[in-house]
Structures are given as C-alpha cells and as structure tokens.
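*Asks:* what's the 3D shape of this:
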Amino acid sequence: MPKSDYAKVEWAIRFIQDHAQAQPELIEVAAEVGLSEFHFQRLFQRWAGVSPKRFLQFLTLEEAKRLLAESRSVLETSHAVGLSGPSRLHDLFLSLERLTPGEFKAQAEGLTVQWGVEDTAFGPALFAALRRGDEERGLCGLAFLEDDDPERAFEELRLRWPGARLEALPARARAYAEALDARLNGNLDQPLSLVLKGTDFQLRTWEALLRIPSGRVVAYQDLAAMSGAPKATRAVGSALGQNPIACLIPCHRVLQATGAMGHYHWGAPRKSAMLGFERARAEARGA
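*Replies:* Next up is the predicted model:
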C-alpha cells in the first residue's frame with residue numbers, strides 16, 4: 001500500500017485510468033488506497049487544490065481536446081506580444097544557459113555535478129546542479145525516481161555528464177527542491193538558472209516547451225512548429241524523451257493530437273497528475 005501523499009494520488013490515478021469504463025465512485029478509489037472517503041477527499045483537496053471529481057475531469061479525453069484547441073490561440077498570442085524570450089521565461093522566471101562549445105566538446109570535463117534525492121509534490125526526485133570551481137552554474141538535472149530507486153536516474157545523470165566529477169551534496173538538492181515547490185505553488189520571486197546540454201534541435205525543442213504556460217497543453221505537431229521544424233514530429237518526440245529537467249522543462253504539457261496522453265519518461269500516471277495539478281492551479285487563478 002502506498003505511503004506518501006503523492007504515492008497515494010498516483011495509485012488512485014492509475015486505478016481510475018485502469019477502470020475508466022466502470023467510472024469508479026469515490027468510495028471505491030478511497031478504499032483502493034486504504035483511506036476513508038473523508039480522508040481521501042481531504043488528501044486530494046490539499047494536494048491538488050480541487051476535489052477528486054474535479055481533478056479527474058481535467059484528465060478526460062474531452063478536456064484534453066478542449067485544452068489543445070484553446071492553447072493554440074494562447075500560444076499565438078504569447079508569441080505576438082513577446083512573452084517568450086529565451087533568456088527570461090514569463091511563466092517560470094527561469095534563465096537558460098547553454099554549455100559553451102568548448103565545454104560541450106570536452107564532455108563537461110573539469111566541471112562538478114552535485115546531486116541528491118529529495119521529495120517533491122510528484123514523488124522523490126534526483127536533483128543535479130553544475131559547478132565550475134566556485135561558480136554555481138545552475139540546475140542541470142531533475143529526474144523522478146522509478147519505484148523510489150535512484151539507480152536509473154543516477155545512471156542517466158552519469159551518462160549525460162561523462163567528463164564531470166559527480167559529488168553527493170544533499171544540501172544543494174534540497175535548495176532546488178524548495179525552489180521547485182515554490183514554483184509549483186506560484187511563488188516566482190527568485191530566478192532559477194537551468195544549464196542545458198544537447199543538440200541544437202533538442203535545445204530548440206526544450207526552449208519551445210518553456211513557452212507553454214502552466215495549465216495549458218499542445219500537440220506534438222504544434223511543438224514541432226514552435227521548434228522551427230514543422231515536419232519533425234518524430235524528432236520532437238525523441239527530444240522530449242531526452243529532456244534532462246522534468247517538470248521545469250514541461251514535456252508533460254505535450255499530448256497526442258487526439259488528446260491521448262502519449263508516452264512520458266517518468267510514467268503516464270505522473271504526467272496525468274502533473275497536468276491535473278497545473279490545471280487546478282490555473283483554474284484557481286482564473287487563467
């Protein structure tokens with residue numbers, strides 16, 4: 001039986017998705033995660049900001065289709081008024097830094113990656129920050145754990161930064177986990193630097209993702225157009241699968257044109273939870 005709040009929410013979402021045709025009642029879902037109706041309702045309300053019933057409406061196919069149609073005009077408007085510059089991004093107040101060509105060629109040799117595992121609203125995650133000497137460059141990795149095991153996330157981190165020295169430093173991870181939590185709850189007072197390494201197309205795709213406002217979604221073909229390659233839908237899917245910074249680079253905001261969730265590197269239930277969480281927050285803001 002799941003123990004953490006997010007684990008219970010994830011379990012509930014997975015249960016509802018698996019039994020969607022039966023449309024399970026609140027009492028059934030609560031029993032599945034080992035809670036009374038009252039406590040499950042309170043848990044969901046505290047976690048998502050809306051009732052389980054309202055939250056689950058955000059995850060339906062029809063709602064997804066509506067958001068896809070709605071987001072097209074939202075994105076067109078945001079581009080027209082210049083809200084999406086690459087150095088300062090309007091919805092998350094992030095700054096992006098690409099590795100220099102020399103650093104990229106050297107596979108980050110001479111750099112240090114400090115990492116640690118911290119709890120988040122969407123389950124435990126491995127956070128990684130890049131340093132050169134005494135200079136902190138920014139967050140270079142955020143990966144949710146599979147079955148609470150950091151092994152896969154750590155191996156992906158090692159492969160992405162083969163020339164860097166890896167150093168366990170929980171305090172740095174904790175600071176970034178707190179920054180993520182603040183952003184999830186709408187507190188954008190402090191900028192957060194992200195460091196990205198990838199091909200030119202991957203970087204353009206990841207930067208395009210940051211132009212999708214929280215609570216909105218786009219289709220793969222729309223993201224391809226935003227990345228400057230309208231016909232490269234398959235390449236966009238590959239770039240999403242290589243996204244090194246979950247949640248903050250919001251690859252979870254991309255759906256299939258039919259409204260189906262599609263693949264997500266850190267699991268479909270987590271993608272559903274993140275979209276529902278963001279949509280609930282957007283509705284609360286009147287967005």
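
*Asks:* Every contact and neighbour count from this point should use C-alpha atoms.
*Replies:* OK.

*Asks:* Do you have the strands of the stretch 151-287 of the chain handy? List them.
*Replies:* Ranges of strands in the stretch 151-287 of the chain, per DSSP state E, counting those that start in this stretch, are 165-168, 192-196, 218-219, 254-255.

*Asks:* packing partners for the longest one?
*Replies:* Taking 3 or more C-alpha pairs under 8 Å, 6 or more residues apart in numbering; DSSP states H and E as the contact definition, the neighbouring helices and strands of strand 192-196 are strand 94-98, strand 135-144.

*Asks:* hey, least reliable of those strands by pLDDT?
*Replies:* Here the helices and strands packed on strand 192-196 differ in mean pLDDT, and the lowest is strand 94-98 at a mean of 63.

*Asks:* For A128, identify the helix or strand it belongs to.
*Replies:* A128 is part of strand 125-132 when elements are defined by DSSP states H and E.

*Asks:* Would you mark the buried spots in that strand?
*Replies:* Neighbour-count burial for strand 125-132 flags 125-131 (criterion: 16 or more other C-alpha atoms under 10 Å).

*Asks:* go on, stretch 231-249?
*Replies:* Buried, per 16+ other C-alpha under 10 Å, within stretch 231-249: 232-233, 235-237, 239-240, 242-249.

*Asks:* just checking, which of those belong to helices?
*Replies:* If you go by DSSP state H, the buried residues of stretch 231-249 have 233, 235-237, 239-240 in helices.

*Asks:* ok, so of those, who is nearest A171?
*Replies:* A171 lies nearest to L240 out of those, by C-alpha to C-alpha, at 28.7 Å.

*Asks:* Correct me if wrong: N243 contacts C251.
*Replies:* Yes - with contact defined as C-alpha atoms under 8 Å, N243 and C251 form a contacting pair (7.3 Å).

*Asks:* Going by residue numbers, what spans are helices in the protein?
*Replies:* Counting by DSSP H, the helices of the chain are 5-18, 26-32, 37-48, 52-57, 61-80, 101-105, 151-160, 170-184, 200-209, 220-226, 233-241, 268-285.

*Asks:* Switch these over to a markdown table; also include mean pLDDT and distance to W115.
*Replies:* As requested, the helices of the chain are arranged in a markdown table below (pLDDT from 0 to 100; distance: least, C-alpha to C-alpha, whole Å):
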| stretch | mean pLDDT | distance to W115 |
| --- | --- | --- |
| helix 5-18 | 82 | 22 |
| helix 26-32 | 91 | 35 |
| helix 37-48 | 86 | 26 |
| helix 52-57 | 76 | 33 |
| helix 61-80 | 68 | 34 |
| helix 101-105 | 62 | 20 |
| helix 151-160 | 92 | 9 |
| helix 170-184 | 92 | 6 |
| helix 200-209 | 89 | 22 |
| helix 220-226 | 90 | 30 |
| helix 233-241 | 93 | 21 |
| helix 268-285 | 84 | 22 |
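
*Asks:* wait, which of the ones you listed is closest to Q256?
*Replies:* helix 220-226 (6.2 Å).

*Asks:* and that closest one, what other elements does it pack with?
*Replies:* Counting by 3+ C-alpha pairs under 8 Å, 6+ apart, the packing neighbours recorded for helix 220-226 are helix 200-209, helix 233-241, strand 254-255.

*Asks:* Select, out of these, the one closest to R137.
*Replies:* Nearest to R137, of those and by C-alpha to C-alpha, is helix 200-209 at 17.1 Å.
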